[in-house]
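S.K.: okay, here's the prediction I keep looking at, along with the sequence it came from:
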Amino acid sequence: AYTLGNAFKVMGNNSFCYLLMVITGLSYLTILVLIALIINSLRKSIRDEQPLRHSNILRTRAIGILILVAELSEALMKYISNTEAARLLEGTSFVGTFPLSYWNVIVGILFLFMAEVFSLGTQLSEEQKLTI
């Protein structure tokens, strides 16, 4: 008796892993689209001599948040799979861990930091234009 529910329980014996896999994939795809939008916007805004547009700052923040979301959902998905594998391999030396990549977390935080620097730079540029 093969059912759709059984098919979704193949990964880590948990259908929640599939949801995490979709979230991870969509996060990475959205990051690529946002980077393409930023590059396109930069090409246009350099001609206008205003490279730090508000939309680019929001996109940079979104990239930072999506990197963190993708890493956390991927780590949780691997943790669930490792926990199930450790249960199935009980009595062996296999130990389930939480495989968080600190490099991706640091990159996500750096993107958020970079967005804040861009935001401050834009504010300073606007205040300079208003100064006589």
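M.R.: Done, it's in. Numbering: from 1, shown residues only.
S.K.: what are the buried residues along the lengthiest helix in the chain?
M.R.: Using DSSP state H to define each element, the chain has its longest helix at helix 54-88. Across helix 54-88, burial judged by 16 or more other CB atoms under 10 Å covers 56-57, 59-84. Every C-beta, even on glycine, is put in place using the N, C-alpha and C of the backbone.
S.K.: what segments of the protein are strands?
M.R.: Read by DSSP state E, the chain holds no strands at all.
S.K.: low-confidence stretches in it?
M.R.: 1-13, 51, 132 (pLDDT under 70).
S.K.: same thing but 90
M.R.: Scanning the chain for pLDDT under 90 picks out the ranges 1-22, 40-56, 77-101, 118, 121-132.
S.K.: so where do the helices sit in it?
M.R.: 4-8, 16-47, 54-88, 102-130.
S.K.: how far away from the center of its chain is the longest one?
M.R.: Here the centre of helix 54-88 is set off from its chain's centre by 6 Å, with CA atoms, centre = their mean, to the nearest Å.
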